[in-house]
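K.L.:
coords below, sequence missing:
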């Protein structure tokens with residue numbers, strides 16, 4: 001891989017954590033180049049699938065690929081999640097990134113900003129598969145800031161919405177909620193705080209989780225952090241209405257600053273009929289014995305909105321043509337239906353399809369570990385299709401949204417209003433000013 005000038009300053013603390021190359025990656029870039037003796041092109045695939053059973057799945061996919069492409073050798077590089085960001089920065093800063101990198105959508109956006117990603121190669125893979133092959137939401141949130149390309153090739157996802165225990169609703173003669181008013185009606189019907197029974201489980205702490213959940217209500221009311229011209233739009237009537245609603249809804253949730261575990265435990269323990277959580281709650285519900293009574297609905301005022309994360313594969317910039325071509329072939333291979341299903345089967349229930357052809361395929365739906373959730377496939381697919389994020393506007397993804405999340409401006413506003421009972425107008429003004437200052 002050729003070294004290239006970068007438009008980033010690499011934090012010394014991050015670089016210092018990178019002490020021994022890429023762990024099991026060997027001596028570095030020289031091993032990733034073509035071998036003149038064997039005639040093979042050698043590339044590396046860095047990913048976060050560190051559990052042995054997942055590594056076995058990844059290696060099986062690589063083995064199948066190499067059988068079809070005898071001139072390409074792919075080395076699997078599993079990296080622990082805690083070390084992942086620092087390794088990306090260190091390797092990218094030295095021009096030593098593996099040819100293919102597994103990213104979250106936010107990691108991918110940062111790597112694009114740092115000029116680590118070959119956007120042309122990514123676009124070629126997506127175009128070859130066909131944009132219509134992907135759920136629209138998966139592509140919308142992975143577009144580049146100018147909307148002309150993609151920060152990575154979507155490979156899988158997880159989504160978040162309102163999980164509902166339908167058996168509990170039936171006991172009170174209630175239907176699934178379809179909009180804000182319905183959600184409040186269900187929540188009020190079950191609220192019994194004195195006996196630690198709640199209408200819904202929501203996060204209210206100063207955390208990214210709170211921002212994620214609140215964003216679904218705000219976006220369903222056409223309230224976003226930015227407009228299409230990147231003007232800050234936190235302090236608007238639409239956002240105020242969403243904050244007011246969230247405060248009212250949170251009055252039916254657990255008291256205090258609640259977090260991930262609080263929400264999960266309340267729902268799995270049947271202390272509430274509704275909870276905001278990701279698809280990673282599915283296995284816990286299955287173990288609790290009420291998977292057959294599970295439904296997924298989305299916050300809906302003006303339109304239904306889900307939150308989620310799209311896992312993408314990035315292709316490193318600055319490589320020799322042979323390496324780039326090999327990387328494109330491998331990423332395309334992972335988009336083939338059978339191979340993509342094998343990837344998804346590493347974590348049944350947690351990760352979900354981004355390809356339309358996968359969701360209804362028997363190899364995906366009939367997996368024993370997934371059968372309990374088969375009835376949710378269409379609703380989950382609809383959630384992936386309607387996925388929206390703060391900072392995503394009219395086909396553009398503003399990278400500054402990552403900085404907004406890191407400062408906690410939105411979650412602080414929610415926590416202050418809901419838990420500290422602060423004045424909504426003042427908190428909206430404070431959050432507006434904080435975001436404006438940040439992007440300047």
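P.N.:
Okay, I see it. Everything numeric here is computed off the predicted structure, so don't read it as measured data.
K.L.:
Any stretches of the protein with poor pLDDT?
P.N.:
For the chain, applying pLDDT under 70 flags the ranges 1-38.
K.L.:
ok so residue 164 is a strand residue?
P.N.:
Yes. According to DSSP: H, G, I helix; E, B strand; the rest coil, residue 164 belongs to a strand.
K.L.:
tell me the contacts of the nearest residue to it once chain neighbours are set aside?
P.N.:
Closest residue to residue 164 apart from its sequence neighbours, by C-beta to C-beta, 6 or more residues apart in numbering: residue 295 at 4.5 Å. Just so you know, the C-beta spots here come from the backbone N, C-alpha and C atoms, and that holds for glycine as well. Applying C-beta atoms under 8 Å, 6 or more residues apart in numbering to residue 295 gives the contacts 163, 164, 166, 176, 376, 379.
K.L.:
Of those residues, grab the buried ones for ChimeraX.
P.N.:
The buried subset of these, as determined by 16 or more other C-beta atoms under 10 Å, is captured in ChimeraX by this line:
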select :163,164,166,376,379
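K.L.:
Check the separation of the first and last residues in stretch 277-292.
P.N.:
18 Å (C-alpha to C-alpha, to the nearest Å).
K.L.:
From the rest of the structure, what touches that stretch?
P.N.:
158-160, 163, 165, 167, 201, 263-264, 267-270, 275, 294, 308, 348-352, 372-373, 375-376, 380.
K.L.:
So which of those residues sit within strands?
P.N.:
Counting by DSSP state E, the part of the contacts of stretch 277-292 found in strands is 158, 159, 160, 163, 165, 275, 294, 308.
K.L.:
Pull the most distant pair out of those.
P.N.:
165 and 308 (21.4 Å; C-beta to C-beta).
K.L.:
which one of these two has more residues nearby?
P.N.:
Neighbours per residue, other C-beta atoms under 10 Å: of residue 165 and residue 308, the larger number sits with residue 308, 26 against 22.
K.L.:
can you put the contacts of residue 295 in a markdown table and add distance to residue 144?
P.N.:
Shown next, in a markdown table, are these (distance: C-beta to C-beta, whole Å):
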| residue | distance to residue 144 |
| --- | --- |
| 163 | 33 |
| 164 | 36 |
| 166 | 40 |
| 176 | 37 |
| 376 | 32 |
| 379 | 30 |
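K.L.:
Among the contacts of residue 295, which one lies nearest to residue 400?
P.N.:
Once C-beta to C-beta is applied, the member of those that ends up nearest residue 400 is residue 163, at 31.2 Å.
K.L.:
where's the closest one relative to residue 388, distance?
P.N.:
Applying C-beta to C-beta, to the nearest Å, the value for residue 163 to residue 388 is 19 Å.
K.L.:
Likewise for residue 269?
P.N.:
Taking C-beta to C-beta, one finds residue 269 at 30 Å from residue 388.
K.L.:
Name the residue in the two with the higher neighbour count.
P.N.:
residue 388 (22 against 11).
K.L.:
and the residue nearest the centre of the chain, what is it in contact with?
P.N.:
In the chain, the centroid-proximal residue (C-alpha atoms, centre = their mean) is residue 309; its distance is 1.2 Å. Neighbouring residues of residue 309 by C-beta under 8 Å, 6+ apart: 104, 105, 106, 157, 158.
K.L.:
could these go into TSV alongside distance to residue 252?
P.N.:
Converted to TSV, those look like this (distance: C-beta to C-beta, whole Å):
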residue	distance to residue 252
104	32
105	31
106	31
157	29
158	26
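K.L.:
got a winner among those residues for most neighbours?
P.N.:
The most crowded member of those is residue 157, carrying 27 neighbours; neighbours defined as other C-beta under 10 Å.
K.L.:
Is it correct that it is in contact with residue 353?
P.N.:
Yes. At 7.3 Å, residue 157 counts as touching residue 353 under the criterion of C-beta atoms under 8 Å.
K.L.:
can you list residues touching both of these two?
P.N.:
What both residue 157 and residue 353 touch, as defined by C-beta under 8 Å, 6+ apart, is the set residue 384.
K.L.:
Please pick the buried ones from the contacts of stretch 277-292.
P.N.:
Applying 16+ other C-beta under 10 Å to those flags 158-160, 163, 165, 201, 263-264, 267-268, 275, 294, 308, 348-349, 351-352, 372-373, 376, 380 as buried.
K.L.:
Just the element for residue 401, please.
P.N.:
Applying DSSP states H and E as the criterion places residue 401 in helix 400-407.
K.L.:
Show me what counts as buried in that helix.
P.N.:
Buried-residue list, helix 400-407, by 16+ other C-beta under 10 Å: 400, 401, 402, 404, 405.
K.L.:
now the angle between helix 400-407 and whichever helix or strand comes after that helix, please.
P.N.:
For helix 400-407, the following helix or strand on the C-terminal side (DSSP H and E) is helix 409-418. Relative orientation of helix 409-418 and helix 400-407, computed by axes from the mean of the first three to the mean of the last three C-alpha atoms, to 10 degrees: 50 degrees.
K.L.:
the helices in the stretch 201-350 of the chain, which residues?
P.N.:
208-220, 237-250, 260-268, 282-288, 321-334, 337-344 (DSSP state H, counting those that start in this stretch).
K.L.:
now what about the first one, what contacts it?
P.N.:
Contacting residues not belonging to helix 208-220 are listed as 160-161, 180, 202-204, 224, 238-239, 242-243, 245-246, 249, 259-260, 276, 298-307, 388-390, 405, 408, 410-411, 414-415 [C-beta under 8 Å, 6+ apart].
K.L.:
Not counting its neighbours along the chain, what's nearest residue 225?
P.N.:
Among residues not flanking residue 225 along the chain, residue 390 sits closest, at 4.7 Å (C-beta to C-beta, 6+ apart).
K.L.:
check contacts around that neighbour.
P.N.:
211, 215, 218, 219, 224, 225, 401, 404, 405, 410.
K.L.:
possible to save those residues as a markdown table with distance to residue 93?
P.N.:
Below are the contacts of residue 390 laid out as a markdown table (distance: C-beta to C-beta, whole Å):
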| residue | distance to residue 93 |
| --- | --- |
| 211 | 29 |
| 215 | 32 |
| 218 | 36 |
| 219 | 35 |
| 224 | 33 |
| 225 | 29 |
| 401 | 23 |
| 404 | 25 |
| 405 | 23 |
| 410 | 30 |
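K.L.:
Please consider this matter closed, and thank you.
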